[in-house]
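J.: Build me a model from this:
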Amino acid sequence: MVTVDTTRTVVPARRIPMLLLGVAALLLCIVLSLAIGARSVPIGTVVQALFGADDSRDALVVTGMRLPRTVVGLAVGAALGLAGAVVQGITRNPLASPTTLGINHGAGLAVVVAIYALQLSRPIEYVWFAFAGAACAALFTLTLGRRAGDLDPVRLVLGGTVLQLVLVSWTSAVLLFSERTLDEARFWLAGSIAERDLGVLLPMLPTLLIGAVLGLVLAPALNTLALGDEAATALGMPVGRIRMAGMAAVVLLAGSAVAVAGPIAFIGLAAPHLVRLVLGNDHRVMVPGCLIAGPLLLLAADILGRIVARPSELEVGIVTAFLGAPLLALLARRSAR
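T.: Next up is the predicted model:
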């Protein structure tokens with residue numbers, strides 16, 4: 001049997017400066033996320049607050065509000081970026097993302113129904129409903145995407161697209177029926193990391209970590225899968241099992257991210273493309289690179305949302321949707337070529 005050497009992960013020397021630049025950009029976004037808001041805080045105060053050397057009002061804002069928000073943004077961005085890389089790898093579709101599997105809309109419907117039926121009012125109360133809705137939507141898409149016992153990439157994406165339309169219509173019906181539910185759910189449905197403390201993130205950490213480990217382990221296999229199903233099978237790869245494991249990773253990552261921050265679009269689509277542009281198509285490098293690109297894009301969008309609407313702010317989900325629409329058009333144009 002022919003085997004493929006997937007044990008070594010080599011970053012070409014010419015790509016290392018770009019990788020370091022990405023890390024530096026992420027660190028800059030972290031600092032800016034701690035410093036910028038309705039009231040700007042000097043960088044020096046931010047540093048002193050992080051080391052406990054300042055107990056002023058500005059320092060309390062940094063440690064009590066902006067630090068948890070930034071940590072949540074890092075976790076959610078990394079999860080969405082990694083999930084996007086895995087789903088594009090298992091479907092061999094550069095336009096695939098967790099959204100195309102119905103994960104965002106499944107979580108949205110579950111949260112809306114939970115708010116309507118159980119009179120919930122805080123994000124911590126419906127985290128698990130969101131995760132369950134995301135998982136159920138992904139499993140239903142998985143069922144639609146199966147053919148002859150294996151996952152069919154085309155059926156998978158088409159099934160997710162059809163499911164999205166159904167879930168959106170159901171969610172809209174519930175929101176139109178109940179004005180209170182609309183008032184409670186619209187902030188979460190916009191997608192935001194504002195007012196998300198670590199208490200919302202901690203319940204999702206186990207699923208996030210399991211999903212991240214599974215996604216990183218699958219990275220070498222995605223290289224072989226990119227050769228095509230027939231070639232991958234000839235090389236001894238269990239294609240169906242790899243796709244099933246990839247779907248499990250996507251559900252854990254994207255489901256947890258949506259449960260914490262709401263349905264934030266386009267991060268899972270854009271992050272893999274950004275990493276491919278910088279580091280190339282090798283999934284052994286590209287998939288871990290999304291752990292940098294995802295948080296970078298999410299925090300940058302969150303910072304932009306704070307700046308453009310001062311002293312108020314735009315939810316990060318609105319910013320990513322506004323910037324992601326032209327990106328999707330550009331990627332579709334390139335794919336057509």
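
J.: OK, contacts around the spatially most central residue of the chain?
T.: Centroid-nearest residue in the chain, with C-alpha atoms, centre = their mean: residue 80, separated by 1.5 Å. Contact analysis of residue 80 by C-beta atoms under 8 Å, 6 or more residues apart in numbering lists 98, 253, 254, 257, 264, 267, 268, 271, 294, 298. C-beta coordinates here come from the backbone N, C-alpha and C atoms, glycine included.

J.: isn't the last one right up against residue 73?
T.: Yes: under the criterion of C-beta atoms under 8 Å, residue 298 makes contact with residue 73 at 5.3 Å.

J.: Comparing the two, which shows the higher neighbour count?
T.: Between residue 298 and residue 73, counted using other C-beta atoms under 10 Å, the more crowded position is residue 298 (34 against 28).

J.: And the more buried one, how far from residue 67?
T.: 16 Å (C-beta to C-beta, to the nearest Å).

J.: Then residue 190?
T.: Residue 190 is 22 Å from residue 67, where distance means C-beta to C-beta.

J.: hang on, the earlier thing: can you list residues touching both of residue 298 and residue 73?
T.: Joint contacts of residue 298 and residue 73 (C-beta under 8 Å, 6+ apart) are 193, 316.

J.: So residue 313 sits against residue 195, correct?
T.: No: Residue 313 is beyond contact range of residue 195, at 11.0 Å (criterion: C-beta under 8 Å).

J.: between these two, who's got more neighbours?
T.: Each of residue 313 and residue 195 has its neighbours counted (other C-beta under 10 Å); residue 313 has more, 21 against 13.

J.: how about that one, what does it touch?
T.: By C-beta under 8 Å, 6+ apart, the neighbours of residue 313 are 37, 38, 194, 305, 306.

J.: So which of those residues are in helices?
T.: Members of the contacts of residue 313 lying in helices (criterion: DSSP state H): 305, 306.

J.: between the contacts of residue 313, which is nearest residue 234?
T.: The closest of those to residue 234 turns out to be residue 305 (C-beta to C-beta; 48.6 Å).

J.: Which pLDDT value belongs to the residue lying closest to the closest one once chain neighbours are set aside?
T.: Leaving aside its sequence neighbours, residue 305 sits nearest to residue 314 (C-beta to C-beta, 6 or more residues apart in numbering; 3.8 Å). Looking at residue 314, its pLDDT reads 87.

J.: give me the number of residues near residue 314?
T.: Neighbours of residue 314 (other C-beta under 10 Å): 19.

J.: Contact partners for it?
T.: By C-beta under 8 Å, 6+ apart, the neighbours of residue 314 are 304, 305, 306, 308.

J.: Please report the distance of it from residue 26.
T.: According to C-beta to C-beta, residue 314 stands 21 Å off from residue 26.

J.: mind checking the SS state of the residue nearest to the centre of the chain?
T.: helix (DSSP: H, G, I helix; E, B strand; the rest coil).

J.: rewinding a little: same list (the contacts of residue 80) but as a markdown table, adding secondary structure, pLDDT and distance to residue 175.
T.: Formatted as a markdown table, the contacts of residue 80 follow (DSSP: H, G, I helix; E, B strand; the rest coil; pLDDT from 0 to 100; distance: C-beta to C-beta, whole Å):
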| residue | secondary structure | pLDDT | distance to residue 175 |
| --- | --- | --- | --- |
| 98 | helix | 87 | 22 |
| 253 | helix | 93 | 27 |
| 254 | helix | 91 | 23 |
| 257 | helix | 92 | 22 |
| 264 | coil | 90 | 19 |
| 267 | helix | 92 | 24 |
| 268 | helix | 90 | 24 |
| 271 | helix | 91 | 30 |
| 294 | helix | 94 | 29 |
| 298 | helix | 95 | 26 |
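
J.: Selection in PyMOL covering whichever of the residues you listed are buried, please.
T.: Buried residues within the contacts of residue 80, by 16 or more other C-beta atoms under 10 Å, are selected in PyMOL with:
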select buried, resi 98+253+254+257+264+267+268+271+294+298
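
J.: Was I right to think residue 267 contacts residue 78?
T.: No: counting by C-beta under 8 Å, residue 267 sits too far from residue 78 to count as a contact (9.7 Å).

J.: Which residues are in contact with each of these two?
T.: Any residue near both residue 267 and residue 78 by C-beta under 8 Å, 6+ apart counts here, and that gives residue 294.

J.: in stretch 59-72, what counts as buried?
T.: For stretch 59-72, a neighbour-count test (16+ other C-beta under 10 Å) marks 59, 61, 62, 63, 66, 67, 68, 69, 70, 71, 72 as buried.

J.: so who does the fourth one touch?
T.: Right, the one you point to is residue 63. 49, 50.

J.: Return the member of the contacts of residue 314 nearest to residue 167.
T.: residue 305 (25.5 Å).

J.: OK, contacts around the closest one?
T.: Counting by C-beta under 8 Å, 6+ apart, residue 305 makes contact with 313, 314, 315, 316, 318, 319.

J.: As a check, name the ranges of all strands in the stretch 1-150 of the chain.
T.: For the stretch 1-150 of the chain, the strands defined by DSSP state E, counting those that start in this stretch occupy 146-147, 150-151.

J.: lowest-confidence stretch among those?
T.: Sorting the strands of the stretch 1-150 of the chain by mean pLDDT places strand 150-151 lowest, at a mean of 67.
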